[in-house]
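Chemist: turn this into a structure:
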Amino acid sequence: MARYNGPKTKISRIFGEPILGNGKWLGKNSNPPGQHGEKRKRKTLGEYALQLREKQKAKYTYGILEKQFRKTFEEAARRKGVTGENLIKLLEARLDNTVFRMGIAPSRPAARQLVSHKHIEVNGEVVNIPSYQLKTGDVITIKEASKENSSISSVVRAKNPKFGWIDFNETTFTGTFITYPERESVPENIKEQLIVELYSK
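Modeler: Here you go, the predicted model:
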């Protein structure tokens with residue numbers, strides 16, 4: 001699957017939830033995409049289809065391609081603990097996702113662009129790899145020269161208090177990855193066990 005750059009509402013309609021945005025149009029047209037929309041007769045999804053759908057949802061949510069997603073899953077399987085929960089923890093520990101969670105960027109794609117364009121530092125060093133895996137105690141900040149860029153500083157907002165595994169000071173544009181989050185703290189509606197079952201076939 002190439003990186004998706006098409007209509008976000010179309011993807012939201014496939015899954016019936018706003019996974020690629022605020023979903024403000026989802027209520028007006030929440031039917032699945034297709035020529036006949038609501039009138040089209042749709043079969044009940046089988047076990048494999050449900051598992052595949054959940055994996056696709058996770059990939060769209062975090063903006064990851066298949067090869068990288070599989071590598072992340074394999075790393076989650078190698079670690080101690082529940083594989084599904086480990087997968088969510090690793091996805092949340094990505095640098096682009098953390099920049100988004102901190103409030104430095106309004107969306108994950110925007111956060112990915114900030115990282116790719118070398119506006120973000122980790123522990124004082126510029127990191128331009130969106131998939132960079134953060135470790136406990138890592139300090140993330142906007143590069144000093146980029147703090148003067150109004151297009152970057154103007155969108156910075158206070159961190160959502162729900163995300164207790166990260167800390168962020170919107171005055172200094174500096175945050176800390178405190179720890180890996182517990183699954184119940186991550187708000188994404190992803191049934192990770194279905195993904196585990198899919199890759200276990």
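Chemist: got a list of contacts for the helix or strand that contains A76?
Modeler: Assigned by DSSP states H and E, A76 falls within helix 66-78. If you take CB atoms under 8 Å, 6 or more residues apart in numbering as the criterion, helix 66-78 is touched by 1, 55, 58-59, 64, 83-84, 86-87, 89-91, 131, 195, 199. C-beta: built from backbone N, CA, C; applies to glycine.
Chemist: likewise for stretch 126-134?
Modeler: 64, 68, 90, 93-96, 98, 111-112, 115-118, 120-122, 140, 143, 177.
Chemist: inside strands: which ones of those?
Modeler: 120-122, 140, 177 (DSSP state E).
Chemist: and those, which is closest to S151?
Modeler: I120 (14.7 Å; CB to CB).
Chemist: distance check, the closest one against G175.
Modeler: Noted for I120: a distance of 10 Å to G175, by CB to CB, to the nearest Å.
Chemist: mind listing the shared neighbours of these two?
Modeler: With CB under 8 Å, 6+ apart, I120 and G175 have common neighbours 104, 140-141.
Chemist: list the contacts of G175.
Modeler: Contacts of G175 (CB under 8 Å, 6+ apart): 98, 102, 104, 139-141, 159, 166-169.
Chemist: just to revisit the earlier point, reformat the ones in strands among the contacts of stretch 126-134 as CSV; add neighbour count.
Modeler: Converted to CSV, the ones in strands among the contacts of stretch 126-134 look like this (neighbours: other CB atoms under 10 Å):
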residue, neighbour count
I120, 26
E121, 17
V122, 19
I140, 25
F177, 24
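Chemist: model confidence score at the residue nearest in space to the middle of the chain, please.
Modeler: The residue lying closest to the centre of the chain (CA atoms, centre = their mean) is Y62, at 2.9 Å. Y62 carries a pLDDT value of 93.
Chemist: before we move on, what about K10?
Modeler: On the pLDDT scale, K10 gets 68.
Chemist: swap in I88?
Modeler: I88 is assigned 97 on the pLDDT scale.
Chemist: measure stretch 77-93 end to end?
Modeler: 16 Å (CA to CA, to the nearest Å).
Chemist: nope, stretch 120-139 is what I was after
Modeler: By CA to CA, one end of stretch 120-139 lies 10 Å from the other end.
Chemist: for stretch 163-177, same thing?
Modeler: In stretch 163-177, first residue to last residue: 10 Å (CA to CA).
Chemist: buried residues in it?
Modeler: 163, 165-166, 168, 173, 175-177 (16 or more other CB atoms under 10 Å).
Chemist: that one: how far from the chain's middle?
Modeler: 17 Å (CA atoms, centre = their mean, to the nearest Å).
Chemist: what ranges does this structure have for its helices?
Modeler: 8-15, 47-62, 66-78, 83-92, 95-102, 108-116, 150-153, 192-199 (DSSP state H).
Chemist: and the longest one, which residues are buried?
Modeler: Spelled out, it's helix 47-62. Buried residues in helix 47-62 (16+ other CB under 10 Å): 51, 53-62.
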